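Undergrad: Fold the stuff below for me.
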Amino acid sequence: MKVKQCVILIFVTLVIFSCSHKEEKSKWTASDIRTYYKAAPENVQTRWSSAENPNAEKGQGGKTNKGAKGDAFRMIGPGDSSIIFDQKGAGIITKIWSACSFGWTHENRRKVVINMYWDESEKPAVSVPFTDFFGIGHGLMRPFENEFFAMPEGRSFNCFSPMPYQTAARIEIVNETDKFLMFYNKVDFVKLTELDDDVLYFHAFWNRDTATTKGVDYEILPKVEGRGRYMGTNIGVIGSEVYRGTWFGEGEVKIYLDGDSEYPTLVGTGTEDYIGTGWGQGEYVNRFQGSLVSDRQNDIYAFYRYHLIDPVYFHNDCRVTIQQIGNSVRNKIREMNENGADITPVWSYVEKDGYDAAKRYLDMENPPAVESDEFPDNVSTNFYRSDDVSATAYFYLDRPSNDLPPLPSLDVRLKNLKRKVYDKLAEKW
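TA: Residues are numbered from 1 along each chain as shown. The predicted model follows:
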C-alpha cells in the first residue's frame, strides 16, 4: 500500500510540474528574442505593420496592387496626424524603421513628433521630436549605428529597443509642418497571449533649455516615480557665443536614485568621460556611447550614452542631471569677462611634479577672482556656463504612462536652430 501511495504521489508531482512548466513556457519576454536557438512557443506570432498591411493581419500583406508593390508609404498632410501602429492584446515591438521625403528639411524635423501609447493610456509614454527620438539631437541626420538606433546612410531611421505592452499599443506621427510628408515605415513585432507581470514599459522624454542657468544642473530626466531602469540619453549642446573657443564639457552626470535629495548616488567625472572618451571629444560611434557631432569651431555637439551592460535600476524614483561647467585658461576667461561673460571659477589646477598635481578652489562662498595673481595665464580653470542644451532620455517604467511635463512648444523646439546650427553646418554637410 505504501509503495502504491508513493507511486501515485510521484505521478501527481510530475503532472503538476509538467503543467507548471508548460505555464511557465507559455509566457515569453523580450530576452527570448536574442536566444536564437530556442523555438518560440505556439502562442508567439511574428508580424509586420506597414502601409502594405497596416493591421498586420495574417495572409493579408501586399494586396493593394495584386501582389505588386502598391502602398509603400502614406501621405501626412500639414497639421495632420497618422496612426502607424495600432494593436490590441499583448506583444513586443522589436524594431521600428522609417524614412521620409517631401518637406523633410532641417527646419521641419523638429516639427514632426512621434507619440507612443501603451495599454489604452491617454497620455503618451513617448512624445519626442522625430529625429531626436532616433538618437541624434538638433534635428540632424548622420550615418551611425549603435545598440538602440541606426541611420545607415544618414537618410533613414531605425530603432531596435524592445517595447512590450500588455493590452494595447499605438504609435502616432504628428505633422506640425506646412508641408505634406511622404512617410514610409514598418513596425516589426511579436503577438503574444500574455507577458510576465514584471515586464516594464518603454518611455522617452525630451526637453530643451535654450539658456541654462549658471550653477544649476540641466535635467536630462526630471524626477520620475515608479520602479524601472534608466537606459540612457542622447544630448545636443549649442554653446553660447560668449564662450566661443572654449571647452563646454566639464559637467558631471548625476543620477539620483530612490530618495536621493541634495546629493546623488551615482556621479561621473565629466561630460566626455560619461560617453567613454577623455580630454575633450571628437566624433566617433560605439555600441553604447558616441559623439556624432563635435564641431568645436561653432560649439555644436551631439552625443549619446546608453546603459545596457551597466544597468541603472531604480525601485522608487530616478532623476538624471548634468552640470553646466566648461573650461578654459585664465587669460581667455579674463577676455570673456571683459566682454560681459561674468565668469566665476569653480576650481583650477596648476601642473606640478609629484603628488601635488592640482590646486583646487572649492570654497564657492568666496571664490577666487580670475584677475588674481594666484592664476598664471595658462592655468586650466573650470567655470559655470549658460548654454543651449536639449536631451532625449530613455527609460523603462512599471506603468504605461508617467507624470513628466508634456513636449515643449514649437517655439522652444525651434528657437535659433537655423542660425546657430543649420546655417553653420551647411558647408560641412
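Undergrad: How about residues contacting stretch 80-90?
TA: Stretch 80-90 is contacted from outside by 49, 54-56, 74, 76, 93, 164-175, 183, 185, 187, 189, 191-195, using Cβ atoms under 8 Å, 6 or more residues apart in numbering. Where you see a C-beta, it was placed from the backbone N, CA and C, and this is true even at glycine.
Undergrad: Only the buried subset of the residues you listed, as a PyMOL command please.
TA: The PyMOL selection below is limited to those of the contacts of stretch 80-90 classed as buried (16 or more other Cβ atoms under 10 Å):
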select buried, resi 49+54+56+74+76+93+164+165+166+168+169+170+171+172+173+174+175+183+185+187+189+191+192+195
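Undergrad: Show only the entries of the contacts of stretch 80-90 found in strands.
TA: 49, 74, 76, 93, 164-165, 168-175, 183, 185, 187, 189, 191-192 (DSSP state E).
Undergrad: ok, which stretches of the stretch 251-400 of the chain are strands?
TA: Ranges of strands within the stretch 251-400 of the chain are 253-257, 266-267, 284-285, 289-295, 300-306, 312-314, 317-322, 325-329, 345-349, 380-384, 388-397, based on DSSP state E, counting those that start in this stretch.
Undergrad: lowest-confidence stretch among these?
TA: Here the strands of the stretch 251-400 of the chain differ in mean pLDDT, and the lowest is strand 345-349 at a mean of 73.
Undergrad: Give me the distance from stretch 312-330 to the chain's centre.
TA: 15 Å (Cα atoms, centre = their mean, to the nearest Å).
Undergrad: So which bits of that stretch are buried?
TA: Buried residues in stretch 312-330, counting neighbours by 16+ other Cβ under 10 Å, are found at 312, 314, 317-330.
Undergrad: So for T210, which of the strands of the stretch 251-400 of the chain sits nearest?
TA: Closest approach to T210 among those (Cβ to Cβ): strand 388-397, 4.9 Å.
Undergrad: Can you list the residue ranges for helices in the stretch 201-350 of the chain?
TA: Counting by DSSP state H, counting those that start in this stretch, the segments of the stretch 201-350 of the chain that form helices are 271-274, 330-338.
Undergrad: Which neighbouring elements make contact with the longest one?
TA: Under the contact criterion of 3 or more Cβ pairs under 8 Å, 6 or more residues apart in numbering; DSSP states H and E, helix 330-338 touches strand 380-384.
Undergrad: do that again at 10 Å, thanks
TA: Contact here means 3 or more Cβ pairs under 10 Å, 6 or more residues apart in numbering; DSSP states H and E; on that basis helix 330-338 packs against strand 325-329, strand 345-349, strand 380-384.
Undergrad: For my notes, please list these in JSON lines and give distance to D403 for each entry.
TA: Formatted as JSON lines, the entries for the helices and strands packed on helix 330-338 read as follows, by distance: least, Cβ to Cβ, whole Å:
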{"stretch": "strand 325-329", "distance to D403": "29"}
{"stretch": "strand 345-349", "distance to D403": "33"}
{"stretch": "strand 380-384", "distance to D403": "30"}
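Undergrad: Pairing partners for S82 in the sheet, please.
TA: I173 (DSSP bridges).
Undergrad: Then the one 4 residues further on?
TA: Under the criterion DSSP bridges, D86 forms beta bridges with R170.
Undergrad: For the protein, give me the ranges with low pLDDT.
TA: When residues are selected by pLDDT under 70, those of the chain lie in 1-30, 348-378, 427-429.
Undergrad: ok so, going back, closest to F303 out of the helices and strands packed on helix 330-338?
TA: Closest of these to F303 is strand 325-329, at 15.4 Å (criterion: Cβ to Cβ).
Undergrad: Please name every helix or strand in contact with the closest one.
TA: Contacting strand 325-329 under the criterion 3+ Cβ pairs under 10 Å, 6+ apart are the following elements: helix 330-338, strand 345-349, strand 380-384.
Undergrad: Using TSV, lay out these together with distance to A211.
TA: Below are the helices and strands packed on strand 325-329 laid out as TSV (distance: least, Cβ to Cβ, whole Å):
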stretch	distance to A211
helix 330-338	16
strand 345-349	19
strand 380-384	13
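Undergrad: Go through those and pick out the most buried.
TA: strand 380-384 (a mean of 21; mean count of other Cβ atoms under 10 Å).
Undergrad: Tell me the gap between that one and the middle of its chain.
TA: Distance of strand 380-384 from the chain centroid (Cα atoms, centre = their mean) equals 28 Å.
Undergrad: do the same with stretch 40-54
TA: On the basis of Cα atoms, centre = their mean, the separation between the geometric centre of stretch 40-54 and that of its chain is 26 Å.
Undergrad: Between the two ends of that stretch, how far is it?
TA: 24 Å (Cα to Cα, to the nearest Å).
Undergrad: buried stuff in that stretch?
TA: So, applying 16+ other Cβ under 10 Å, buried residues of stretch 40-54: 44, 47, 49-54.
Undergrad: do the same with stretch 195-204
TA: With burial defined by 16+ other Cβ under 10 Å, the residues of stretch 195-204 counted as buried are 195, 199-204.
Undergrad: Give me the domain ranges for the protein.
TA: Per automatic domain parsing, the structural domains of the chain span 40-198, 200-324+385-409, 327-384.
Undergrad: Could you point out which of those sits nearest L417?
TA: For the domains of the chain, distance to L417 was read as Cβ to Cβ. The smallest value, 6.6 Å, belongs to domain 40-198.
Undergrad: Quick check: phi and psi on the residue nearest to M75 when sequence neighbours are not counted?
TA: For M75, the nearest residue in space outside its immediate sequence neighbours is F180; the separation is 5.6 Å by Cβ to Cβ, 6 or more residues apart in numbering. When read as degrees, to the nearest 10, the backbone of F180 gives phi -80, psi 140.
Undergrad: Kindly report the same for E57.
TA: Backbone geometry at E57, expressed as degrees, to the nearest 10, gives phi -80, psi 150.
Undergrad: ok, it to A90 distance?
TA: Using Cβ to Cβ, to the nearest Å, one gets 17 Å for the distance from E57 to A90.
Undergrad: How about E194?
TA: When Cβ to Cβ is the yardstick, E194 and A90 sit 5 Å from each other.
Undergrad: My guess is F133 contacts C159. True?
TA: Yes: A contact is recorded between F133 and C159 when judged using Cβ atoms under 10 Å, the distance being 7.6 Å.
Undergrad: Overlap in contacts, those two.
TA: Taking Cβ atoms under 10 Å, 6 or more residues apart in numbering as the contact rule, F133 and C159 both touch 96, 114, 149, 204, 394.
Undergrad: is the last one in a bridge, and if so with what?
TA: Beta-bridge partners for Y394, by DSSP bridges, are A204, G232.
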